[in-house]
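Trainee: Need coordinates for the below:
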Amino acid sequence: MSAVFVRVLSFLTVFLVLLGLVLHGLRSHHPDPYRCQQLLDDGSWLEPPNEHGAREPFINWQPHGCKLRNYTNQDIHECMEHRHMVFSGDSTTRQVFWAMGRLIDRNKSNERRSAASIHSEYDMEFDGIRLLQIWNPYLHVGEGRKHNNVPVADQKSAGLFLIGAGSWFSLHMFHDDAIGNFSEAIVKISNIIKMSTLPPFASAPMTPHDGVGNGLFVAPVAPPFYDKLPDYRTGPVGIHKGEIEDINEFLDGISAEQQIPLLRAFPALSREQPGAMVDITETGLHVIDLVAETKALILLNARCNAKLHALHGSPYDGTCCTDYGRTTFVQSVLLGLGILYVAACITIEVLQMVGRGIDWSLFDMSACMFVTALLACFLADRTQVFAKGSKQFVGSELAALLLVTAVAGIVSIRRMKPLRSDSLTRPDEKLQDAAPLSRDQTDEWKGWMQAAILAYHWTGASKSLPVYIFIRLLVAAYLFQMGYGHTIYFLVKKDFSLKRVAAVMLRLNLLSCALPYVMNTNYMLYYFAPLASFWFVIVYLTLAIKSDYNDTTTALLIKLAISASAVASVFLFTPVSEWIFTALRYAFRIDWDLHEWQFRVSLDSLIVYVGMLAGMASAKGKAWDRLLVQSKLPGLIGLAVLAGYCYLSSQIFQVKQDYNKWHPYVSFVPIIALIAARNVAAPLRVYYSKAFAWLGRCSLEAFTLQFHLFLASDTKGILLLDGLTGDGSLATDRWRHLVVIVPLFLWISHATAEATGHLTKRLTSESAEQGKPEGSHAYERLMPESGGLDESRIMHWLRVANRLGVRLAALLQWVQSL
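Mentor: As a prediction, the model looks like this:
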């Protein structure tokens, strides 16, 4: 990219993020600032339709604009705080009562349901939570209760109240009588509850301790599929087409007038979906149990999301009807300073454009983009400015995304260029051959792997075992490259200075350490940065300790064997990791998931050492290069091994747990095979995909930023745009969101990578390129026609440095890790 183009894009990015933050500040005046109304109003099933158009099994409901949370027993307990729930109305409301019971205690709810009489009142406890079902199909009213604003601990009123009726009016009355009697009953209820005297449910400010507070909701009845009803249900006093629709139309009017939260989403659950009905040829009014449970989830999301977010913070699973809780003091300070900083940057940039500004390096756009990326993450994933959605795995959609990505990579294939630093290279000379795993090739490799990982996360493809195995191999390949690249660097340059360590650790961790403070998340959430940091330290210690032995192949192999044994023994089979994590928790209040960490480390515990062995073979005698370059046989064998690995994996492994047991010991096989296949012939070695290489150079930032700028809800959902509602499929709906979001996300990732390198250089006085982790060798490894390594392409060794600035950089890294 030209410097002017990059400057303009950076300026526009900063401006758009600041504009978004202004819109967030103004959103409190929006009629639905927390997306409560969107939750109650409408949505769609995300399951792909079968040949009959049914979206079975009716599990993944997507409200328009926000993501539904699946509630557990513990979640419901924390929300209700010993308060009860009331369900008053007809049999459609009774279905929600039993569904709520199943969410709390499935076995007990099913047992009691089978033994209960139909048209009765129930007052039951499910795991300590009282649920009251009032059989009231005609909505008769008694003495109402006034709203109670006493503290949560002292409240005795229901935490959640659902009123739902209308079916019996339609079933047992003539049309005019049904409408008149229903209207009269609803007016009486509205006069008692007096919702019109309260702030509107969708826009009322949320309290920090109880979210929306105790909630009363009214549920319309879904119109039946009239052509499926039996004759005896459609008699003079039976259900007539348009009757329930008229009842619901009256509800729409009075709910707007009296500010009654109306659950329009309940009828939408079965809209055009006869498979969602359990008695479609009887009354046609009752849904299957899974749909009834979705109704219960909608109620819980409306009542509890904001409260649970205030209690626990990240991860913010459900995004409907929430203000994401109050920002912490640290968040508020950092966000305020960040906004002031980028505002100053953009002001100085404008002044420089008109020729009146001064060149103040502290406020240059390169550093500004790092702060802008942090603010963009907050704007996208901690406010309601952007819509969010749930994932739905569809194999054909993943294949389509990968196909589009592959086409982009193929059309950008270019021939590698000789290094400009070579004074003997003519400007028009074409490169005849290149070493395996040259810089362009490793960047390309990281790029297409990152593209596949993005598609995998966006589609929620972890449910597919073959795709899961593929992605596990990609993560292992990243770590292979890291072991390979750092080993070559240390063996060739012999630079074990603190300066080098600080540069790499800062390059790896600046973004992943800054995000937890801005997003109120956990450092371990961005697991690749801590994982890569851990293995870099292992590689460094392995080669730095007794580094004079590195020149002897036998001694170096012994060092690698000792290192592998020590890591496995200390971190996987002793309580050392537990002691470290416990000390962090008590000393610094750092609560990291020990089991998740041990799983990540053990899953790829050997592949880094395989990368180190390959790096050692490449740096010592170039045996690795000669093996792959001088014969096509390794490449052909590699292709056969890849095919065999795919076949055997599909036949042997049936569940993830089985594959995970074998992955540490077999993951090197397809990785080495892929390297051999990729370098089977000289034309393949000198050509590379420019698009994938571009993405590979910012793959670390793309991997980290995807948690908030491509995905959402801390990876639990996906980021969407408002105003582009649809059925949730890729082909007819979500492609529109990707067309806008993907370019912005990729640009911010690229700009953040540049900014991180710039900041690393500032902090350590070292080149940004040396700070890159895996695969960024200290030299370009090109193969002249003779097959020998051109030593003139190797950069000069760094001098060992231990200045005060380096020590300060290391101290800053340690503080950020807290």
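
Trainee: Identify the residue nearest the residue nearest the centre of the chain in space, chain neighbours excluded?
Mentor: Closest to where the C-alpha atoms of the chain average out (CA atoms, centre = their mean) is Thr715, at 1.4 Å. Leaving aside its sequence neighbours, Thr715 sits nearest to Phe707 (CB to CB, 6 or more residues apart in numbering; 5.2 Å). Glycine gets a C-beta too; all of them are placed from N, C-alpha and C.

Trainee: wait, isn't Gly313 in contact with Gly325?
Mentor: Yes - with contact defined as CB atoms under 8 Å, Gly313 reaches Gly325; the gap is 5.9 Å.

Trainee: Now do the phi/psi pair for Leu285.
Mentor: phi -110, psi -10 (degrees, to the nearest 10).

Trainee: what separates it from His240, distance-wise?
Mentor: Distance, Leu285 to His240, by CB to CB, to the nearest Å: 14 Å.

Trainee: Name the residue in these two with the higher neighbour count.
Mentor: A count of neighbours by other CB atoms under 10 Å puts Leu285 above the other of Leu285 and His240, at 27 against 16.

Trainee: Contacts only, for that one.
Mentor: By CB atoms under 8 Å, 6 or more residues apart in numbering, Leu285 lies in contact with 91-92, 167, 221-222, 224, 277, 279.

Trainee: Quick check: the gap between Asp227 and Gln384.
Mentor: Distance from Asp227 to Gln384, by CB to CB: 41 Å.

Trainee: Show me which of those two is the more surrounded one.
Mentor: The neighbour count for Asp227 versus Gln384, taken as other CB under 10 Å, is higher for Gln384 (24 against 9).

Trainee: nearest residue to that one other than its sequence neighbours?
Mentor: Arg35 is the one closest to Gln384 (CB to CB, 6+ apart), at 5.6 Å.

Trainee: pLDDT weak spots in the stretch 701-818 of the chain?
Mentor: 766-818 (pLDDT under 70).

Trainee: run the last query once more with 80
Mentor: 765-818 (pLDDT under 80).

Trainee: So this structure: which segments form each domain?
Mentor: What automatic domain parsing lists as the domains of the chain is 34-146+158-312, 438-779+794-817.

Trainee: mean pLDDT for the ones you listed: which is lowest?
Mentor: Lowest mean pLDDT within the domains of the chain: domain 438-779+794-817, a mean of 87.

Trainee: What segments of this structure are strands?
Mentor: 43-45, 61-63, 85-89, 122-126, 129-135, 160-164, 215-219, 387-389, 413-415, 687-689, 711-712, 717-720 (DSSP state E).

Trainee: Touching, the residue nearest to Thr715 and Lys716? I think so.
Mentor: No - in this structure, Phe707 is not within contact of Lys716 by CB under 8 Å, at 9.9 Å.

Trainee: and the most far-flung residue of the chain relative to its centre, how far is that from Ser183?
Mentor: When each C-alpha in the chain is compared with the mean C-alpha position (CA atoms, centre = their mean), Pro236 comes out farthest, at 54.4 Å. Going from Pro236 to Ser183 by CB to CB gives 21 Å.

Trainee: Repeat that for Lys228.
Mentor: Distance from Lys228 to Ser183, by CB to CB: 28 Å.

Trainee: just Val610 next, same as before
Mentor: Relative to Ser183, and taking CB to CB, Val610 is found at 75 Å.

Trainee: just Leu628 next, same as before
Mentor: Note on Leu628: its distance to Ser183, by CB to CB, is 81 Å.

Trainee: Which one's more surrounded, the two?
Mentor: Leu628 (24 against 17).

Trainee: The more buried one and Ala276: what is the separation?
Mentor: Distance from Leu628 to Ala276, by CB to CB: 57 Å.

Trainee: do Phe201 as well
Mentor: 26 Å.

Trainee: For Arg382, what are phi and psi?
Mentor: phi -130, psi 10.

Trainee: actually Leu724, not the one I typed
Mentor: Torsion angles, degrees, to the nearest 10, at Leu724: phi -120, psi 60.

Trainee: Over to the one 5 residues further on?
Mentor: Main-chain dihedrals, Ser729, degrees, to the nearest 10: phi -80, psi 160.

Trainee: cool, and Thr72?
Mentor: According to degrees, to the nearest 10, Thr72 has phi -100, psi 170.

Trainee: Number of residues surrounding it?
Mentor: For Thr72, using other CB under 10 Å, the count is 11.

Trainee: re earlier: right, and the residue farthest from the centre of the chain touches Phe174 too?
Mentor: Yes - counting by CB under 8 Å, Phe174 is a contact partner of Pro236 at 7.0 Å.
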